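# What shape does this take:
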Amino acid sequence: MLEDHSTPIITDEYIVQMHARAKPYSLMILKAGEARHQDGAEKILWEHAREIHALRVQGLLSIVCPVSDGSELEGIGIFNASVEEVKTIMDEHPGVNAGIFVYEIHPCRGFPGDSLPEERAT
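Coordinates of the predicted model:
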């Protein structure tokens, strides 16, 4: 069965209701650092993965999107935490301390309950 992909009608009231539900989050942009391709980086990258999964399990890192296009961009994350909390987390991150990653953090807003779909609709 094909899904209906027609554009829904969005009323002004709907927009007002959704904006009232928006909640603050922190967007973290992870980029390659100077040590990203040095010897020994793979071991630290594995620990980076362990840390990312721990943050997910703790409920602090709500969305994780690794980027694998060969650019300097390594990934993005949406944290359910303040900019200050994320800065503390990232300043203690082994990949950042080793110079494998650098990061930016930006305050953002999102709608509670939003998530990535399990599968891509066809």
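# Who are the contact partners of Val51?
Heads up, residue 51 is Glu, not Val. Counting by C-beta atoms under 8 Å, 6 or more residues apart in numbering, Glu51 touches His93, Pro94, Gly95. In this view, the C-beta of every residue, glycine as well, is placed from N, C-alpha and C.
# after the helix or strand containing it, next one along is what?
Per DSSP states H and E, Glu51 falls inside helix 41-57. As assigned by DSSP H and E, the chain's next helix or strand after helix 41-57 is strand 61-66.
# Mind listing the strands that following strand pairs with, and their directions?
strand 73-79 (antiparallel) (DSSP bridges).
# Dump the strand it pairs with to PDB, keeping only the CA atoms.
Included here for strand 73-79 are C-alpha records, laid out as PDB according to Å, rounded to 0.1, in the frame of the first residue of the first chain:
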ATOM      1  CA  LEU A  73      32.200  16.900   9.200                       C
ATOM      2  CA  GLU A  74      32.200  13.800  11.400                       C
ATOM      3  CA  GLY A  75      28.600  14.000  12.700                       C
ATOM      4  CA  ILE A  76      25.900  15.900  14.500                       C
ATOM      5  CA  GLY A  77      24.100  15.200  17.700                       C
ATOM      6  CA  ILE A  78      21.000  16.700  19.400                       C
ATOM      7  CA  PHE A  79      21.500  16.700  23.200                       C
END
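# how about that strand: buried residues?
Buried residues in strand 73-79, counted by 16 or more other C-beta atoms under 10 Å: Glu74, Gly75, Gly77, Ile78, Phe79.
# show me where pLDDT drops low in this structure?
1-4, 121-122 (pLDDT under 70).
# which among the contacts of Glu51 end up buried?
Taking 16+ other C-beta under 10 Å as the criterion, what is buried in the contacts of Glu51 is His93, Gly95.
# got CSV for the contacts of Glu51, with distance to Leu61 and secondary structure too?
Compiled in CSV, the contacts of Glu51 are given as follows (distance: C-beta to C-beta, whole Å; DSSP: H, G, I helix; E, B strand; the rest coil):
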residue, distance to Leu61, secondary structure
His93, 12, coil
Pro94, 16, helix
Gly95, 14, helix
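# which one of the contacts of Glu51 is nearest His19?
Minimum distance to His19 across the contacts of Glu51 is 32.9 Å, recorded for His93 (C-beta to C-beta).
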